[in-house]
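Student: missing the sequence, but the structure's below:
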């Protein structure tokens, strides 16, 4: 294994750790008060997007960043694929589950669509995608 590959792998893993734990570590030393729910969710997910996109661009070029992360086929294709693959779970949850009284559109989108997309982006696209496809 080349030295450059090892260094790049370490950079990717450290970037993942910063993206995943950085907000939590920072909050122990500095409190950021955000009143809007939409700004809170943006701040939360920007911790995942910015470091990973920046490092991917710096390592492999910003021109092909979507290809390097593995999302070159577009958001719609990924969304349709994810809906099809989770359809059995959705149907079973609809049959045996219950809906809480505090459900609202913001909560639904935050805890389903954004959470799933961001987890796939951070883990599958960035961490595993870069380590196994590019390095």
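Tutor: That came through fine. Model, not experiment: these values are computed from the prediction.
Student: average pLDDT for the lengthiest helix in the chain?
Tutor: Ranked by residue count, the top helix of the chain under DSSP state H comes out as helix 3-29. The average of the pLDDT scores along helix 3-29 is 92.
Student: Same check on stretch 109-121?
Tutor: 78.
Student: What is the distance between that stretch and the centre of its chain?
Tutor: 7 Å (C-alpha atoms, centre = their mean, to the nearest Å).
Student: residues in contact with that stretch?
Tutor: 41, 45, 48-49, 52, 69, 71, 78, 82, 86 (C-beta atoms under 8 Å, 6 or more residues apart in numbering). (Each C-beta comes from the backbone N, C-alpha and C, glycine too.)
Student: hmm, back to that, give the buried residues for the helix or strand following the longest helix of the chain.
Tutor: Downstream of helix 3-29, the first helix or strand assigned by DSSP states H and E is helix 37-60. Residues of helix 37-60 classed as buried: 41, 45, 47-48, 51-53, 55-56, 59-60 (neighbour count, 16 or more other C-beta atoms under 10 Å).
Student: next one: stretch 15-29
Tutor: In stretch 15-29, counting by 16+ other C-beta under 10 Å, buried: 15-16, 18-20, 23.
Student: what secondary structure does residue 62 sit in?
Tutor: coil (DSSP: H, G, I helix; E, B strand; the rest coil).
Student: Equivalent analysis for residue 99, please.
Tutor: coil.
Student: Now do the contacts for residue 2.
Tutor: Residue 2 touches nothing, counting by C-beta under 8 Å, 6+ apart.
Student: quick one on the thing from earlier: output the buried residues of helix 37-60 in JSON lines; the columns should cover distance to residue 6.
Tutor: Output for the buried residues of helix 37-60, formatted as JSON lines (distance: C-beta to C-beta, whole Å):
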{"residue": "41", "distance to residue 6": "36"}
{"residue": "45", "distance to residue 6": "30"}
{"residue": "47", "distance to residue 6": "26"}
{"residue": "48", "distance to residue 6": "24"}
{"residue": "51", "distance to residue 6": "20"}
{"residue": "52", "distance to residue 6": "19"}
{"residue": "53", "distance to residue 6": "23"}
{"residue": "55", "distance to residue 6": "16"}
{"residue": "56", "distance to residue 6": "18"}
{"residue": "59", "distance to residue 6": "13"}
{"residue": "60", "distance to residue 6": "16"}
